[in-house]
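Got a sequence here, can you build the structure:
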Amino acid sequence: MPELKIADPGWYASELDSEECQCGRTKKSRMSFCYTCYKSLPPDIQRALYALIGSGYEEAYEEAVACLTGA
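Down below sits the predicted model:
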C-alpha cells in the first residue's frame, strides 16, 4: 500500500462526499470514483475501496489513484 499523501481523514470523507471524480468527471456522492475510473481498477483495489475511513479506506484510495494516474 502507498504512503498516505493526506493525513487528515476528513479530506477523504469530503472527497467521498463530492460529486467530482479525481479525473474531473461527475461521480455519485458516497462513491470513490466515477464508473469509468472504478471499472478500470483491478478487482482487489475495487474491493479495498469498501473499507471504512480509518480502517484502510485511505490506503485503498491512494492505491487506486496511483493505479489510475500511473504514478
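
Provide a list of residues in contact with Tyr57.
Tyr12, Leu49, Ala51 (C-beta atoms under 8 Å, 6 or more residues apart in numbering). Using the backbone N, CA and C atoms, a C-beta is placed for each residue, glycine as well.

so what's it scoring on pLDDT?
If you check Tyr57, the pLDDT there is 94.

what does stretch 14-23 contact?
Taking C-beta under 8 Å, 6+ apart as the rule, stretch 14-23 contacts 26-34, 36-37, 53, 61, 65, 68.

Show me which of those residues are buried.
Lys27, Met31, Ser32, Phe33, Cys34, Cys37, Tyr61, Val65, Leu68 (16 or more other C-beta atoms under 10 Å).

In CSV: those residues, plus pLDDT, distance to Pro43 and secondary structure.
Output for these, formatted as CSV (pLDDT from 0 to 100; distance: C-beta to C-beta, whole Å; DSSP: H, G, I helix; E, B strand; the rest coil):
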residue, pLDDT, distance to Pro43, secondary structure
Lys27, 97, 19, coil
Met31, 96, 17, coil
Ser32, 96, 14, coil
Phe33, 98, 14, coil
Cys34, 98, 18, coil
Cys37, 98, 14, helix
Tyr61, 95, 16, helix
Val65, 95, 17, helix
Leu68, 96, 15, helix
